[in-house]
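S.K.: model the following, please.
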Amino acid sequence: MKYRTLGSTGLRVSVVGIGTWQYGGEWGKDFTQAEVDAIFDRCRETGITLIDTAECYGDHLSEQFIGNAIARDREKWVLATKFGHHFHKYMDRTVHYEPSDVLKQLEDSLKALKTDYIDLYQFHSGDNEKFQTPGLWEILDKQVKAGKVRHLGISVSPNDNVWQIDRASQVGAQAVQVIYNRLDRRPEQGLLQSCQKQNLGVLARVPLASGLLTGKYKPGTTFKEGDVRSTHDPEKTQARLREVEQIQKTEVPPGVNMAQWALAWCMQNDAVSCVIPGCKDVGQVESNAAAAELAMVRDDHPLAV
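M.R.: Below is the predicted model of the structure:
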């Protein structure tokens, strides 16, 4: 594994992290604690240190699984979670950015994660109006000073919301999470440049385009009900699958695993600190971690320390 510094936070993070939306039960599978424990044991062995989760991956369900899995060595992990939503049922959430509600979300996350601090607490996909909720960033700053949160971040939506990123430093945020992959390069049009100017750490989420960039799914593939991908626009999904097929033929070197190539592709961007692919089993952890060895970057931005 290789490591980078997450912007101005000073945190050293593995260039490959682990995204954990799947443990909330919206990706076509319900997990057991034993399965999650095995995945995190393999993360330990491969050197993965950054975990990204959220309040609404289930009703703090993903956080509960993680809290149990890392309780014995919490201090070895960089733990990122988010605020702004209440989970009700499959693909049913409401948004809540009022300061008093965010404080309750924080306490619920700390309890679920079995920890007394969160390394990176992220504004979760709120619009510009919610970003400016009166008192929000002031109350979050108090949590940083109290030690419950080490650093603040922004998980942006839509994916080209430069307006929020340009104001990140003003509200005390030191890291940004954004969808970035070979199929979605919108962040290259100003957003990543703003991150570099402000020395913001960047977590690249959905780096495998919801699994499409693994190369496992061919044009014509459909996803079953209960898998979040079944809610995506079918025509758009098929167009993306055709694009992936072409990328695999023309850009991925012969004999190279496409999923690993896609992760390494993200890592080659100087602005990216860490990619956070989801994984459903131990084998996927191993494949994701191996991508760090594929990444070829310029001498002035090495992956290795």
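S.K.: any idea of the mean pLDDT in stretch 57-67?
M.R.: Stretch 57-67 shows an average pLDDT of 96 in the prediction.
S.K.: how far does that stretch sit from the chain's center?
M.R.: Centroid displacement of stretch 57-67 relative to its chain, using Cα atoms, centre = their mean, to the nearest Å, is 15 Å.
S.K.: check stretch 176-184 too.
M.R.: Centroid displacement of stretch 176-184 relative to its chain, using Cα atoms, centre = their mean, is 10 Å.
S.K.: can you give me the buried ones in that stretch?
M.R.: Using 16 or more other Cβ atoms under 10 Å as the test for burial, stretch 176-184 gives V176, Q177, V178, I179, Y180, N181, R182, L183, D184. All C-beta spots, glycine's among them, are computed from the backbone N, C-alpha and C.
S.K.: the last one contacts A209, correct?
M.R.: Right, the one you point to is D184. Yes - with contact defined as Cβ atoms under 8 Å, D184 counts as touching A209 (6.9 Å).
S.K.: which parts of the stretch 51-200 of the chain are strands?
M.R.: 78-83, 85-89, 92-95, 118-124, 149-155, 173-179 (DSSP state E, counting those that start in this stretch).
S.K.: would JSON lines of the ones you listed with mean pLDDT and distance to S62 be doable?
M.R.: As requested, these are exported to JSON lines (pLDDT from 0 to 100; distance: least, Cβ to Cβ, whole Å):
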{"stretch": "strand 78-83", "mean pLDDT": "98", "distance to S62": "9"}
{"stretch": "strand 85-89", "mean pLDDT": "94", "distance to S62": "10"}
{"stretch": "strand 92-95", "mean pLDDT": "94", "distance to S62": "14"}
{"stretch": "strand 118-124", "mean pLDDT": "98", "distance to S62": "13"}
{"stretch": "strand 149-155", "mean pLDDT": "98", "distance to S62": "15"}
{"stretch": "strand 173-179", "mean pLDDT": "97", "distance to S62": "15"}
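S.K.: let's have the ones you listed in TSV, adding distance to Q248.
M.R.: Listed next are these as TSV, based on distance: least, Cβ to Cβ, whole Å:
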stretch	distance to Q248
strand 78-83	31
strand 85-89	35
strand 92-95	34
strand 118-124	32
strand 149-155	29
strand 173-179	20
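S.K.: dump the residue contacts of I118.
M.R.: By Cβ atoms under 8 Å, 6 or more residues apart in numbering, the residues touching I118 are L79, A80, T81, L106, S109, L110, K148, V149, R150.
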